[in-house]
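> just a sequence and a predicted model for now, questions to come.
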Amino acid sequence: MKKLNKIWAFLAVVLLGACANNSDVAEPRRYVEPRFDDQPKIELLVNKIDVVSEFTPSFTRPNVEHLFPISIEKSARIWAHDRLEAVDFSSNRVAEFIIKDASVTEVEEKASQLFHKDSLKYRATLSVVLKVSSLNGQSQAQTSIEAWRELTMPIDTSIEDKEKYWNEMVYKLFDEFNLRMEQNIHQYLNMYVKDSKNIQEY
């Protein structure tokens, strides 16, 4: 009987351990970074492409980019991976995709009318420079983009709704960035784009 009790006690411990392990399993992420790998690559006549970030989050208000479920800085890195490709490995040129700013600020705005709620205003900014230079460091050409989006919501908006609106904000920001950056590359770096049919006069 004692042996049987020990067996039941052992089984109870195993079951409790299994329950604990199941509860520790991370939930799947609700939000993912925007992707552009379904669009054609922009083939650059360079030996390689370096992605560099010069942006450092402050983790201090009014900056709140660290609260976003999607990182603008990480999304910019993913964009460079999805859209840019080095195709001239015999050249002495290198392209640098430099993230200058990937910040979000939050400002509280007082209601202008009585009995109206105060609001929170968010501004997301993405500033990027794409530079093509020779390996000896001599700059040859570059283009830059600063894209931004603004969003205002009631101050008592729940965190779940905030995350949803923030996510939509980031996606709209990158839709704009994707369009403008591609246009700029074909306009200002056209001589370094493979099979470019854009002839730019200076």
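Received, thanks. Residues are numbered from 1 along each chain as shown.

> ok, the closest residue in space to residue 135 that isn't next to it in sequence to residue 189 distance?
If the residues on either side of it in the chain are set aside, residue 135 comes closest to residue 92, at 4.6 Å by CB to CB, 6 or more residues apart in numbering. To be clear about C-beta, it is placed using only N, CA and C from the backbone, and glycine gets the same treatment. In this structure, residue 92 and residue 189 are 17 Å apart, going by CB to CB, to the nearest Å.

> neighbour count: these two, which is higher?
Higher neighbour count among residue 92 and residue 189: residue 189, with 24 against 11, using other CB atoms under 10 Å.

> can you name the residues that contact that one?
44, 130, 132, 141-143 (CB atoms under 8 Å, 6 or more residues apart in numbering).

> again, only this time at 6 Å
With contacts defined as CB atoms under 6 Å, 6 or more residues apart in numbering, the neighbours of residue 189 are 141, 143.

> now do the helices in the protein.
Along the chain, the stretches classed as helices by DSSP state H are 2-23, 72-83, 159-188.

> rank these by pLDDT, which is bottom?
When mean pLDDT is averaged over each of these, helix 2-23 scores lowest at a mean of 42.

> mind checking pLDDT for residue 38?
At residue 38 the predicted local distance difference test score is 96.

> and it, its phi and psi?
Phi and psi for residue 38, reported as degrees, to the nearest 10, are phi -90, psi 0.

> now swap in residue 195 and tell me
Residue 195 adopts backbone torsions of phi 60, psi 30, taken as degrees, to the nearest 10.

> so what's the residue count around it?
Using other CB under 10 Å, residue 195 has 7 neighbouring residues.

> can you check residue 113 too?
5.

> what of residue 96?
Neighbour tally, residue 96, other CB under 10 Å: 17.

> who does it bridge with?
Each beta-bridge partner of residue 96 is listed here, defined by DSSP bridges: residue 50, residue 131.

> tell me which residues touch it, please.
Applying CB under 6 Å, 6+ apart, one finds that residue 96 lies in contact with 50, 52, 131.

> measure the last one to residue 99 for me?
Okay, so that is residue 131. For residue 131, the distance to residue 99 equals 12 Å [CB to CB].

> also the first one?
Taking CB to CB as the measure, residue 50 falls 11 Å from residue 99.

> looking at these two, which one has more neighbours?
residue 99 (21 against 13).
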